[in-house]
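**Student:** Got a predicted structure here, sequence first:
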Number of protein chains: 2
Amino acid sequence: MTMTTATMSSPSEQPDSGRSVASRVLSVLDAFSGERRRLTLSDISRRTRMPLTTAHRLVGELVSWGALERDRNGRYQIGLHLWEVAALAPRGLGLREVAMPFLEELFVATRQHVQLAVLDDLDVVYIERISSRDAVGVHSRVGGRWPAHTTGVGLVLLAYAPRPAQERYLASPLATFTKKTIMTPDALRRVLAEVRRTGYAVSDRQVTLDAVSVAAPVRDAANEVVAALSVVVRADGDGGAVSGVPARTRRIALPGASMPGSPQATHTPGVVPAVLAAARGISLQLLRDPERP
Amino acid sequence: MTMTTATMSSPSEQPDSGRSVASRVLSVLDAFSGERRRLTLSDISRRTRMPLTTAHRLVGELVSWGALERDRNGRYQIGLHLWEVAALAPRGLGLREVAMPFLEELFVATRQHVQLAVLDDLDVVYIERISSRDAVGVHSRVGGRWPAHTTGVGLVLLAYAPRPAQERYLASPLATFTKKTIMTPDALRRVLAEVRRTGYAVSDRQVTLDAVSVAAPVRDAANEVVAALSVVVRADGDGGAVSGVPARTRRIALPGASMPGSPQATHTPGVVPAVLAAARGISLQLLRDPERP
């Protein structure tokens, strides 16, 4: 998804400037990131390796179309019209539109983070997240990426990915966040087989030691897994591993699940059926209306 | 926001092809709409008035970057990477990210549509909508536009818009959907003054005869109204105007509001304070962290 900037250096020498200008337009958009949401013209020029004059002209065109906007300090930011067009992405808001009522029901039942994600290359991309203000902290944001093997949604998406994509993932370096993160290809292979056997994934304290996610696959009308849905709950904790969380709030209660604080309390009994039911509900909706998303 | 296609007809004759190529790239994106989410190459060529070969080359570049994707039937659709970049739009998902916990609380309290919108030219653009499956039907979608004067969020945004923008709106033709739609500039002017006086807007059955929206302004750190928030509830009905809705479900109940079915039941007493409180909560959040969205 990143572009070569080699073709951008001398536009005037290229008779077929279509390719290079298109690349330059797109490279301006790629200059923005979650950490850099507002850029000056010089920022853009530097990050795209374009001369200031070229950047100025392209930015002007992007502003007049609505792909960029200026904030009150004159810096550039991604514009509303680009967001409007992007809202048509079937794997973005399209999918989200179909899924939302089910995500809402799950959220009302659990009051924990409910997430919807798709796989893109080696990452999960979060399409939606519903959170209450008091839910456990998570690192993802809507539109953000995360290494697939460390999350419940990622484990589901990897487990059902085409074999070549799986092998490519297993051959790539595995990012590690906690002592619980899956660290070896063999361990990951075993987990993925288990996900395929049970039909859901549990990612246990892989990103932070206070969060567990339970995820299930969403299938399209062709029965292919196109997304995954998860609920992120507070970990039961393993003694001192969960810091700053009162013991009696470490467990979650769902209708039909064991009560918080009871010795056998665990996150999965109530959450797994709820997540599976929501995922099946969305899949059924996609089966009924294959043109959506 | 729409582009002139005149400059696109003969790209080879233009020495400064930067402008026209950038325009052509953006025109490919504009070929997609809520009604046309999937297009063939010939659709794109026709809708952008570009030769098939030019369209083919640009579409190829957009696919390799991730602005477009192909579906299983080979048609093109807006791609995930464009959605990722667009997720950085402060007036889109950025605003939505700050607002979401407040929208969720409002949704849990009302179980009706909760909407967040901004003003763009003469339209409101919906940034977020949370709905339950049994809420009253609405016509808007996230990323969609609607004539401002017919909606609660639009009335709020117009009421606090700069005077020239208001005058331009008042001078433009007013779309009409029901007998309740505001039809004259004078009537609209009176409604906008009332919104400024009370600090909230009620749009009463202006789009369909079974829906009322209650909206309030969201202010940024500079105290400017940057968005509006609404709850859409079922209309109390005026006799036969509400069809297909059992009388006792026409009214909504909120904690502290009158009960459904009671003769004095109405939508506003419980909803207005809830909507105002949520809008103030979001505004306060924007004041605390002016860089967000």
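**Tutor:** Sure thing, it's come through.

**Student:** how about residue A:160, phi and psi?
**Tutor:** Note on residue A:160: backbone dihedrals following degrees, to the nearest 10 are phi -100, psi 10.

**Student:** cool, and residue A:130?
**Tutor:** Main-chain dihedrals, residue A:130, degrees, to the nearest 10: phi -110, psi 130.

**Student:** now it: how far from residue A:120?
**Tutor:** Remark: distance between residue A:130 and residue A:120 (CB to CB, to the nearest Å) = 21 Å. For the C-beta atoms, the positions are set from N, CA and C on the backbone; glycine is no exception.

**Student:** Those two: which is more packed in?
**Tutor:** Counting neighbours by other CB atoms under 10 Å in any protein chain shown for residue A:130 and for residue A:120 shows that residue A:130 has the greater number, 26 against 18.

**Student:** just checking, the more buried one touches residue A:101?
**Tutor:** No - with contact defined as CB atoms under 8 Å, residue A:130 does not reach residue A:101; the gap is 11.4 Å.

**Student:** So whichever residue of the stretch 101-250 of chain A sits closest to chain B: helix, strand or coil?
**Tutor:** The minimum distance from the stretch 101-250 of chain A to chain B, using CB to the nearest CB, falls at residue A:143 (2.5 Å). Following DSSP: H, G, I helix; E, B strand; the rest coil, residue A:143 is assigned to coil.

**Student:** Check the gap between it and residue B:158 for me.
**Tutor:** If you measure residue A:143 against residue B:158 using CB to CB, the figure is 30 Å.

**Student:** Wait, a strand at residue A:229?
**Tutor:** Yes - counting by three-state DSSP, residue A:229 falls inside a strand.

**Student:** neighbours around it, how many?
**Tutor:** Here the count is done by other CB under 10 Å, and residue A:229 has 31 residues near it.

**Student:** Same check on residue A:40?
**Tutor:** The criterion is other CB under 10 Å. On that basis, residue A:40 has 12 neighbouring residues.

**Student:** Could you do residue A:282 as well?
**Tutor:** Counted with other CB under 10 Å, the neighbours of residue A:282 add up to 26.

**Student:** pretty sure it belongs to a helix, no?
**Tutor:** Yes - the assignment for residue A:282, made by three-state DSSP, places it in a helix.

**Student:** tell me the contacts of it?
**Tutor:** Residue A:282 makes contact with A:98-99, A:102, A:218, A:227, A:229, according to CB atoms under 8 Å, 6 or more residues apart in numbering or on different chains.

**Student:** Repeat the analysis, applying 10 Å as the threshold.
**Tutor:** When the contact criterion is CB atoms under 10 Å, 6 or more residues apart in numbering or on different chains, the partners of residue A:282 are A:95, A:98-103, A:116, A:216-220, A:226-227, A:229.

**Student:** most neighbours, which of those?
**Tutor:** Using other CB under 10 Å as the neighbour definition, the contacts of residue A:282 reach their maximum at residue A:229, which records 31 neighbours.

**Student:** Determine the set of other helices and strands touching the helix or strand bottoming out on mean pLDDT in chain A.
**Tutor:** Taking mean pLDDT, DSSP states H and E as the measure, the helix or strand of chain A with the lowest value is helix A:17-30, at a mean of 77. Counting contacts by 3 or more CB pairs under 10 Å, 6 or more residues apart in numbering or on different chains; DSSP states H and E, the secondary-structure elements packed against helix A:17-30 are helix A:41-48, helix A:52-65, helix B:17-30, helix B:52-65, helix B:80-86.

**Student:** make it 7 Å
**Tutor:** helix A:41-48, helix A:52-65, helix B:17-30, helix B:52-65 (3 or more CB pairs under 7 Å, 6 or more residues apart in numbering or on different chains; DSSP states H and E).

**Student:** Pick the most deeply packed of these.
**Tutor:** Using mean count of other CB atoms under 10 Å in any protein chain shown, the stretch among the helices and strands packed on helix A:17-30 with the greatest mean number of neighbours is helix B:17-30 (a mean of 22).

**Student:** pull the CA atoms of it into CSV?
**Tutor:** These are the backbone C-alpha positions of helix B:17-30, laid out as CSV (Å, rounded to 0.1, in the frame of the first residue of the first chain):
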residue,chain,number,x,y,z
SER,B,17,-1.0,17.9,-17.1
GLY,B,18,-0.8,18.0,-13.3
ARG,B,19,-4.2,19.7,-12.9
SER,B,20,-6.0,17.6,-15.4
VAL,B,21,-4.6,14.3,-14.2
ALA,B,22,-5.4,15.1,-10.5
SER,B,23,-8.9,16.1,-11.6
ARG,B,24,-9.3,12.9,-13.5
VAL,B,25,-8.1,10.8,-10.5
LEU,B,26,-10.7,12.5,-8.3
SER,B,27,-13.4,12.2,-10.9
VAL,B,28,-13.0,8.4,-10.8
LEU,B,29,-13.8,8.6,-7.1
ASP,B,30,-16.8,10.8,-7.8
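
**Student:** Off-centre distance for that helix?
**Tutor:** Going by CA atoms, centre = their mean, to the nearest Å, the spacing between the C-alpha centre of helix B:17-30 and its chain's C-alpha centre is 26 Å.

**Student:** Just want the angle from that helix to helix A:17-30.
**Tutor:** 70 degrees (axes from the mean of the first three to the mean of the last three CA atoms, to 10 degrees).

**Student:** interface residues of the stretch 51-200 of chain A facing chain B?
**Tutor:** The interface of the stretch 51-200 of chain A toward chain B, taken as CB under 7 Å from any CB of the partner chain, is made up of A:57-58, A:61, A:65-67, A:72, A:77-94, A:97, A:100-101, A:104, A:108, A:118, A:120, A:125, A:130-133, A:141-143.

**Student:** Produce a PyMOL select command limited to the buried residues of those residues.
**Tutor:** Only the buried entries of these go into this PyMOL selection, using 16 or more other CB atoms under 10 Å in any protein chain shown:
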select buried, chain A and resi 57+58+61+65+66+67+77+78+79+80+81+82+83+84+85+86+87+88+89+90+91+92+93+94+97+100+101+104+118+120+125+130+131+132+142+143
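
**Student:** Okay, now the unreliable bits of chain A?
**Tutor:** Per-residue confidence of chain A (counting by pLDDT under 70) places the weak regions at A:1-20, A:133-139, A:236-269, A:291-293.

**Student:** mind listing the strands in it by residue range?
**Tutor:** Counting by DSSP state E, the segments of chain A that form strands are A:68-70, A:76-78, A:113-120, A:123-130, A:145-147, A:201-204, A:211-219, A:225-234.

**Student:** For residue B:22, find the nearest of those strands.
**Tutor:** In this view, the strands of chain A are compared for proximity to residue B:22 by CB to CB, and strand A:68-70 is the closest at 11.8 Å.

**Student:** Report the residue ranges of every domain in chain A.
**Tutor:** Chain A is divided into the following domains under automatic domain parsing: A:6-86, A:90-288.

**Student:** can you give me how far the first one is from the chain middle?
**Tutor:** Put plainly, it is domain A:6-86. Taking the mean C-alpha point of domain A:6-86 and that of its whole chain, the gap between them comes to 25 Å (CA atoms, centre = their mean).

**Student:** And stretch A:185-200, by the same measure?
**Tutor:** 20 Å.

**Student:** The closest residue to residue A:79 other than its chain neighbours: neighbouring residues, count only.
**Tutor:** With CB to CB, 6 or more residues apart in numbering or on different chains as the measure, residue A:69 is the residue that lies nearest to residue A:79, at 4.1 Å, once sequence neighbours are left out. By the other CB under 10 Å criterion, the neighbourhood of residue A:69 contains 18 residues.
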